[in-house]
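In: sequence and predicted structure are below.
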Amino acid sequence: MKKIFLFLIFFSAFLFPQKRNVIASRIDSLLTQPYFDTCMAAVEVFDLTGNKSVYKRNEKFLLHPASNMKLFSTIAALINLPGEYNYKTEFGHNGIMNEGVIKGDLIVAGGADPDFVTGDLDTLILTLQGKGIRRIEGDLVGDIGLMDSLFWGKGWMWDDDPSTDAPYLTPLSINDNCIIVEVYFDREADSLVVRTEPEADFVTIYNYASFDSLKGSNLTVTRDFLNRSNDIIIKGSYDRYSRIRIKLNVFNPAGYFLSLLESRLRASGIEVTGQKLLRDTSVTSVSLYRKERGIMEVLTNVNKTSDNLSTELTLIQLGMLQNRRRLNATEGIEYIYDLIEGSGFVPSNYRIVDGSGVSHYNLVSTELINGILKYLYYNHPEKYLKLYETLPIAGVDGTLASRMKQTKAFNNVRAKTGTLSGVSCLSGYVKDMDNNLYSFSIMMQNHYSQLRTALKVQNEICDIIASYGKK
């Protein structure tokens, strides 16, 4: 009987490591394909339920995280900002309000809310109308003193402009600091129509397109970013079936904010006698309206849609904990380095320059990314649950909506994607067939014109983990 007992102990000790090695051997076989002769792959997988390492490959290599950088930013925000924290935009005046007239300036204090939209201006106007305001005898002042004059992150590419992936940064943002341009042929009017959403005189349209029924539709729409102007330029040829809709960033988005505010005020019958001014003002104002946005609404947008503006302005929210103005990413990054140290790593071994991962200057490892995912799970379980809810779900929503649909990873994997030129990453959490939870980080770098292969391998790694187990 004793011999049988000892045999069972020995057999169990042998069997379960072998089962765990199934994951490692299958991942190894994926990474031996010729694609990885030139593409660097780093992978780390950890069994959170069993508290043990499952797979490591090049886990210490320093690589570009792309939008996996957003995991650092959102985790730092969840740990350091209270759960009831709100991003704020404050409207007030510095004069006297009497008989429907504000004798003074209408001041908008930018609080670095990245998700402020035109509809929020309409709510302000309803508030002013409710107070009987018909006239503002002063200027429209945008207080942008919360941030310094750096409108992009370190290492952001000049030729990403005018992409929405490279929004100009300001504490006074609106509509993602972008504008939609729609160009289409109106058959009734027999002419090309150009319109913007929202309608805005902040941009100027230059239409150089010409009708050509033989060439057909070959339209291009861009903004004159080289001269940092808001001239929208339309070129190429069009025919009777032409239609294009594109979203572009705008230069000087704080000015865009005031322009939209002024047009909305005038359209509602509220007269403004003064100018539109942007400045750093410390003038105390009487509050008229405050727009507040909860932290979870913003962080969900950060991770589900990989929103760069929301991430960078979240770093500003972290910097505001120091009760300072003229902030940039540096103050927020200090909290990311604190997270790295708190997770058991040496901050000086890594380079962090922005919060969104747009910069190629960032250098981290899969060991580090997986490390902060593990740290959050074990040391801040309530914060982990909040992060988990913000992450894209495989085959369901966000940047993973079209991936892993026909696999065991479907509606299972919660992970952050990351893409730059030559870079593809995926990091997050996945459960196996026995409901054991794993954290993982996959970073692939130096591929060329083969992004689909990188994504396919990442999907297969997730499916390998999700398919493991006895069920």
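Out: Nice, thanks for sending it over. Numbers count the residues shown, from 1 in each chain.

In: which residue is nearest the centroid of this protein?
Out: In the chain, the residue lying closest to the centroid (CA atoms, centre = their mean) is D307, at 2.0 Å.

In: how close does that one get to L455?
Out: Separation of D307 from L455 (CB to CB, to the nearest Å) stands at 20 Å. Any C-beta I mention is one placed from the backbone N, CA and C, and that applies to glycine too.

In: quick check: the gap between the closest residue to R187 other than its chain neighbours and V183.
Out: Sequence neighbours aside, R240 is the residue nearest to R187 in space, at 6.1 Å (criterion: CB to CB, 6 or more residues apart in numbering). Plainly put, R240 is 13 Å away from V183 if you go by CB to CB.

In: these two: which has the busier surroundings?
Out: With neighbours defined as other CB atoms under 10 Å, R240 and V183 compare such that V183 has more, 24 against 12.

In: neighbours of I233, how many?
Out: 16.

In: remind me which helix or strand it belongs to.
Out: If you go by DSSP states H and E, I233 is part of strand 231-238.

In: tell me what that strand is packed against?
Out: If you count contacts as 3 or more CB pairs under 8 Å, 6 or more residues apart in numbering; DSSP states H and E, strand 231-238 packs onto strand 178-186, strand 191-197, strand 204-207, strand 210-211, strand 218-223.

In: partner strands of the last one, with direction?
Out: In the sheet containing strand 218-223, the strands it pairs with under DSSP bridges are strand 231-238 (antiparallel).

In: between the strand it pairs with and strand 191-197, how many degrees?
Out: Calculated by axes from the mean of the first three to the mean of the last three CA atoms, to 10 degrees, strand 231-238 forms an angle of 150 degrees with strand 191-197.

In: what mean pLDDT does the very next helix or strand once past strand 231-238 have?
Out: Remark: after strand 231-238, the chain's next helix or strand is strand 243-249, criterion DSSP H and E. Across strand 243-249, the average pLDDT comes to 96.

In: OK, contacts around E460?
Out: Counting by CB atoms under 8 Å, 6 or more residues apart in numbering, E460 touches L30.

In: CA atoms only: put the one helix or strand it maps to into CSV for me.
Out: If you go by DSSP H and E, E460 is part of helix 451-467. What follows is helix 451-467, C-alpha atoms only, in CSV (Å, rounded to 0.1, in the frame of the first residue of the first chain):
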residue,chain,number,x,y,z
LEU,A,451,1.3,42.4,-39.6
ARG,A,452,-1.4,39.7,-40.3
THR,A,453,1.1,37.0,-39.5
ALA,A,454,2.0,38.6,-36.2
LEU,A,455,-1.7,38.9,-35.3
LYS,A,456,-2.4,35.3,-36.3
VAL,A,457,0.4,34.0,-34.0
GLN,A,458,-0.8,36.2,-31.1
ASN,A,459,-4.3,34.8,-31.6
GLU,A,460,-3.0,31.2,-31.7
ILE,A,461,-0.9,31.7,-28.5
CYS,A,462,-4.1,32.9,-26.7
ASP,A,463,-6.0,30.0,-28.1
ILE,A,464,-3.4,27.5,-26.9
ILE,A,465,-3.7,28.8,-23.3
ALA,A,466,-7.5,29.0,-23.5
SER,A,467,-7.7,25.5,-24.8
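
In: in it, which residues are buried?
Out: 453-455, 457-467 (16 or more other CB atoms under 10 Å).

In: same question for stretch 444-452.
Out: 444-445, 447.

In: and what of stretch 242-257?
Out: Residues 242, 244, 246, 248-257 are the ones in stretch 242-257 that count as buried (16+ other CB under 10 Å).

In: which one of those residues is nearest L391?
Out: L391 has its nearest neighbour among the buried residues of stretch 242-257 in N249, at 25.8 Å by CB to CB.

In: pull up the gap between the closest one and K456, please.
Out: Distance of N249 to K456, computed by CB to CB: 31 Å.

In: got it, and G142?
Out: Distance from G142 to K456, by CB to CB: 47 Å.

In: which residues in the stretch 351-471 of the chain form strands?
Out: Taking DSSP state E, counting those that start in this stretch as the test, the strands found in the stretch 351-471 of the chain are 414-420, 423-431, 437-445.

In: picking up where we left off before, nearest to T366, out of the helices and strands packed on strand 231-238?
Out: Closest approach to T366 among the helices and strands packed on strand 231-238 is made by strand 178-186 (32.7 Å; CB to CB).

In: same question for the closest one, mean pLDDT?
Out: Confidence for strand 178-186, expressed as mean pLDDT, is 96.

In: got it, and stretch 418-428?
Out: Per-residue scores along stretch 418-428 average to 97.

In: in that stretch, what's buried?
Out: Within stretch 418-428, the residues that count as buried by 16+ other CB under 10 Å are 418-420, 422-428.

In: closest one of these to D354?
Out: Closest approach between the buried residues of stretch 418-428 and D354, by CB to CB: L420, at 12.0 Å.

In: my guess is that closest one contacts A66. True?
Out: Yes. Using CB atoms under 8 Å, L420 is in contact with A66, at 4.4 Å.

In: what is in contact with the two at once?
Out: Shared contacts of L420 and A66, defined by CB under 8 Å, 6+ apart, comprise G357.

In: which residues of the stretch 51-200 of the chain fall in strands?
Out: Taking DSSP E, counting those that start in this stretch to define them, one finds strands in the stretch 51-200 of the chain at 52-57, 86-93, 96-98, 101-103, 106-109, 135-136, 140-143, 178-186, 191-197.

In: wait, what's in contact with the residue nearest to the centre of the chain?
Out: With contact set as CB under 8 Å, 6+ apart, D307 has these partners: 114, 176, 301.

In: circling back: which one of the buried residues of helix 451-467 sits closest to W152?
Out: The closest of the buried residues of helix 451-467, once distances to W152 are taken by CB to CB, is A454, at 26.7 Å.

In: ok, S427 to I75 distance?
Out: Plainly put, S427 is 11 Å away from I75 if you go by CB to CB.

In: cool, K408 as well?
Out: To I75, K408 is 27 Å away according to CB to CB.

In: and E367, by the same measure?
Out: In terms of CB to CB, E367 sits 16 Å off from I75.

In: of these two, which one has the most company?
Out: Neighbour count, other CB under 10 Å: between E367 and I75, I75 has more, with 24 against 17.

In: my guess is that one contacts L339. True?
Out: Yes. Contact criterion CB under 8 Å: I75 and L339 qualify, at 6.0 Å.

In: overlap in contacts, the two.
Out: By CB under 8 Å, 6+ apart, I75 and L339 have these common neighbours: I372.

In: so in the protein, where's the weakest helix or strand by average pLDDT?
Out: helix 2-30 (a mean of 63; mean pLDDT, DSSP states H and E).

In: returning to what we had before: closest one of the buried residues of stretch 444-452 to E331?
Out: For these, the closest approach to E331 (CB to CB) belongs to Q445, at 29.0 Å.

In: what residues does that closest one make contact with?
Out: Neighbours of Q445 in contact, by CB under 8 Å, 6+ apart: 39-40, 63-64, 422-424.

In: about what we covered before: now for the buried residues of stretch 242-257: which two are most distant?
Out: S242 and A254 (34.1 Å).

In: next, the angle strand 178-186 makes with the strand holding I233.
Out: Counting by the same axes, to 10 degrees, strand 231-238 lies at 30 degrees to strand 178-186.

In: got the buried residues for strand 231-238?
Out: So, applying 16+ other CB under 10 Å, buried residues of strand 231-238: 232-234, 236-238.
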